[in-house]
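> With the input below, show me the fold.
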Amino acid sequence: MNNLITNNEVKMNSYEFLLDFINPARVEFGESPIRHNDFIAKIKDEIDDNLIYDNFVDSRNREISVIILDFDSMLSMGMRESKGVRKSDKVKTERNKHTKNTAKLCRSFTVSSRSSQAIRITST
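Numbering: from 1, shown residues only. As a prediction, the model looks like this:
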């Protein structure tokens with residue numbers, strides 16, 4: 001899972017959030033996975049703020065239009081799911097939030113003036 005961390009804020013694109021958090025939790029609680037385009041519609045309905053769109057290349061080399069979600073948006077979308085999914089997503093999203101502390105630590109070891117650039121971290 002790739003987390004984009006900018007200005008000490010955790011962000012993730014909608015496709016990765018769906019595949020890494022929402023759909024696994026849905027399957028775990030006996031619900032069927034949802035398609036990305038349906039998830040995008042839910043995001044647009046739930047989050048009416050200025051959405052940030054981007055393009056993402058998936059594992060099958062397809063270019064997909066995604067929405068960049070910040071921590072609060074991820075939490076909102078997780079809370080929109082069923083009770084079991086909400087519980088699972090809240091735990092995973094909170095764990096994901098702590099990744100930003102790792103980014104701060106990485107930045108403190110980097111002697112560079114490029115601190116405003118985004119850092120990609122891969123976690124297990």
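> Tell me how many other residues surround residue 18.
Burial measure for residue 18: 25 neighbouring residues, criterion other C-beta atoms under 10 Å. (Glycine included, C-beta is placed from N, CA and C.)
> cool, and residue 24?
Counted with other C-beta under 10 Å, the neighbours of residue 24 add up to 16.
> What pairs with the strand ranked longest in the chain, parallel or antiparallel?
Counting residues, the longest strand found in the chain (DSSP state E) is strand 63-70. Partner strands for strand 63-70, per DSSP bridges, with pairing direction: strand 9-13 (antiparallel), strand 52-57 (antiparallel).
> Quick one: closest of those strands to residue 28.
For the strands paired with strand 63-70, the distance to residue 28 is smallest for strand 9-13, at 19.3 Å, taking C-beta to C-beta.
> State the next helix or strand along the chain beyond that closest one.
As assigned by DSSP states H and E, the chain's next helix or strand after strand 9-13 is helix 14-17.
> now the helices for the chain?
Along the chain, the segments classed as helices by DSSP state H run 14-17, 23-28, 36-46, 71-79, 83-97, 99-109.
> which of the ones you listed has the lowest average pLDDT?
Lowest mean pLDDT of these: helix 99-109, a mean of 46.
> what sits opposite residue 13 in the beta ladder?
Here residue 13, judged by DSSP bridges, has bridge partners residue 68.
> count of residues packed around it?
Applying other C-beta under 10 Å, we find 21 residues neighbouring residue 13.
> how close does it get to residue 20?
Residue 13 sits 10 Å away from residue 20, going by C-beta to C-beta, to the nearest Å.
> just residue 53 next, same as before
Residue 53 sits 19 Å away from residue 20, taking C-beta to C-beta as the criterion.
> so what's residue 51 closest to, chain neighbours aside?
In space, and not counting its chain neighbours, residue 51 is closest to residue 67: 5.2 Å by C-beta to C-beta, 6 or more residues apart in numbering.
> Pull the contacting residues for that neighbour.
Residue 67 sits next to 13-14, 40, 43, 51-54 when contact means C-beta atoms under 8 Å, 6 or more residues apart in numbering.
> No further queries at this time; thank you.
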